[in-house]
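Student: Next comes the sequence, and after it the predicted model I'd like to discuss.
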Amino acid sequence: MEGSVSLRTYYKRVMKTVVGSVKGASFAMYFSDFKEITKVRLAVSVVFSSIAGYMLGAVEVNLVSILILAFGGYCMVGASNAYNQVIERDLDALMKRTRNRPIPAGRMSVATAMTIAVTLTILGIVTLYFLNPKTAMFGAISIFLYTSVYTPLKTKTPLSVFVGAFPGAIPFMLGWVAATDNFGIEPGTLFMIQFFWQFPHFWALGWMLDDDYKKGGFKMLPTGKKDRGTALQIIMYTLWMILISIIPVFGFTGRLQLSVGAAVLIFIMGLVMLFFAFRLYEKRDNASARKLMLASVSYITLMQLVYVIDKFI
């Protein structure tokens, strides 16, 4: 009898461990798919831009406001990405880069993805409204433009990148609006910096993934080809990005200011990115495009850090 009790107890312990492991594995899988459907790395980078904009606009930094902005911002970006993956699920299945996403891989249903998207949309708008109505409005506009205009245009025309640059440029500006409840030349300048930055960034990415994009029918490069015409446009937009990034040093942008030292540093970082743009023009290969893409990611992050640090020193 004692032996049977011990065996029964042992069996229960084993089953409890197994069930716990399965539940743990299921949660880990669901959480992993949630991160993928919301594109966590992209969402975090967008939240970073929003917080940088907030720090630049805030007269007095409020930690609660930053947390609200971060949560609401993540919800808005996550919602946009979830809608995007619902709309493009059949095309994602055709491309090597995206075929293992939750929906085309069969790990998540369209209904579940839409539930996530709608829930995040409501949470995002409501959360950002607590900061001020303008912030919620711009967040809602970004979702609309990304899902209803940019996404459908990706298979129609290379101008989709131009359209997509509008919602993509909102986060840096959104932070300032969240801090000030005001839209003027300062957030407008932040918007333009990130707007022009997106062209060299996404065209470099589009160059690298051109063969895969063509399988899905996406038209991402301005000339439709990996040629000098595309590379030349990348150079031109990089030049505009550099110019606009240092405009605040001349005192034309209200409370958004930049010291000479910070402007020189940002200018040098821009020249580094321009160097890689010229290398792509010269070599026209994927390796050069990858270096430019990585340089662009470094530029936007470091530039925003320089702006924030320069304000507080």
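Tutor: Perfect, I can see it now.
Student: Give the buried residues for whichever strand or helix holds Ile266.
Tutor: Taking DSSP states H and E as the criterion, Ile266 maps to helix 260-283. Buried residues in helix 260-283, counted by 16 or more other Cβ atoms under 10 Å: 262-263, 265-266, 269-270, 273-274, 276-277, 279-281. To be clear about C-beta, it is placed using only N, CA and C from the backbone, and glycine gets the same treatment.
Student: With stretch 222-234 instead?
Tutor: In stretch 222-234, counting by 16+ other Cβ under 10 Å, buried: 222, 226, 230-231, 233-234.
Student: cool, and stretch 161-172?
Tutor: Neighbour-count burial for stretch 161-172 [16+ other Cβ under 10 Å]: 161, 163-172.
Student: go on, stretch 109-123?
Tutor: Going by neighbour count (16+ other Cβ under 10 Å), the buried part of stretch 109-123 is 112-113, 116-117, 120-121, 123.
Student: quick one: which of those is nearest Thr301?
Tutor: Thr301 has its nearest neighbour among those in Leu120, at 24.4 Å by Cβ to Cβ.
Student: got the contact list for that closest one?
Tutor: Contacts for Leu120 (Cβ atoms under 8 Å, 6 or more residues apart in numbering) come out as 38, 75-76, 78-79, 82.
Student: can you put these in CSV and add secondary structure, neighbour count and distance to Ile66?
Tutor: Output for the contacts of Leu120, formatted as CSV (DSSP: H, G, I helix; E, B strand; the rest coil; neighbours: other Cβ atoms under 10 Å; distance: Cβ to Cβ, whole Å):
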residue, secondary structure, neighbour count, distance to Ile66
Thr38, coil, 22, 20
Cys75, helix, 24, 15
Met76, helix, 32, 16
Gly78, helix, 26, 18
Ala79, helix, 28, 20
Ala82, helix, 29, 24
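Student: Any chance of TSV for the residues you listed, columns distance to Tyr129 and pLDDT?
Tutor: Formatted as TSV, those follow (distance: Cβ to Cβ, whole Å; pLDDT from 0 to 100):
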residue	distance to Tyr129	pLDDT
Thr38	21	93
Cys75	12	95
Met76	12	95
Gly78	17	95
Ala79	15	95
Ala82	20	95
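Student: Regarding Phe34, which helix or strand does it belong to?
Tutor: helix 2-37.
Student: Which neighbouring elements make contact with whichever helix or strand comes after that helix?
Tutor: Per DSSP H and E, the first helix or strand lying C-terminal to helix 2-37 is helix 40-57. If contacts are counted by 3 or more Cβ pairs under 8 Å, 6 or more residues apart in numbering; DSSP states H and E, helix 40-57 sits against helix 63-87, helix 160-180, helix 185-208, helix 286-312.
Student: Can you lay out those as TSV showing distance to Ser45?
Tutor: Shown next, in TSV, are these (distance: least, Cβ to Cβ, whole Å):
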stretch	distance to Ser45
helix 63-87	9
helix 160-180	9
helix 185-208	11
helix 286-312	8
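Student: Pretty sure Thr155 sits against Phe218.
Tutor: Yes - Thr155 is within contact range of Phe218, at 5.9 Å (criterion: Cβ atoms under 8 Å).
Student: what's near enough to touch the nearest residue to Asn81 once chain neighbours are set aside?
Tutor: Closest residue to Asn81 apart from its sequence neighbours, by Cβ to Cβ, 6 or more residues apart in numbering: Lys39 at 4.3 Å. Residues in contact with Lys39 (Cβ under 8 Å, 6+ apart) are 77-78, 81.
Student: again, 10 Å this time
Tutor: 45-46, 77-78, 80-82, 84-85, 101 (Cβ atoms under 10 Å, 6 or more residues apart in numbering).
Student: Spatially central residue in the chain, please.
Tutor: Residue closest to the average C-alpha location in the chain (Cα atoms, centre = their mean): Leu42, at 3.8 Å.
Student: Lys96 and Pro104 touch, don't they?
Tutor: No - with contact defined as Cβ atoms under 10 Å, Lys96 does not reach Pro104; the gap is 11.4 Å.
Student: give me phi/psi at Gly106?
Tutor: Backbone torsions of Gly106, given as degrees, to the nearest 10, read phi 80, psi 10.
Student: I'd like the contacts of Leu120 written out as a markdown table, with distance to Leu63 added.
Tutor: A markdown table is the format used below for the contacts of Leu120 (distance: Cβ to Cβ, whole Å):
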| residue | distance to Leu63 |
| --- | --- |
| Thr38 | 24 |
| Cys75 | 19 |
| Met76 | 20 |
| Gly78 | 22 |
| Ala79 | 25 |
| Ala82 | 28 |
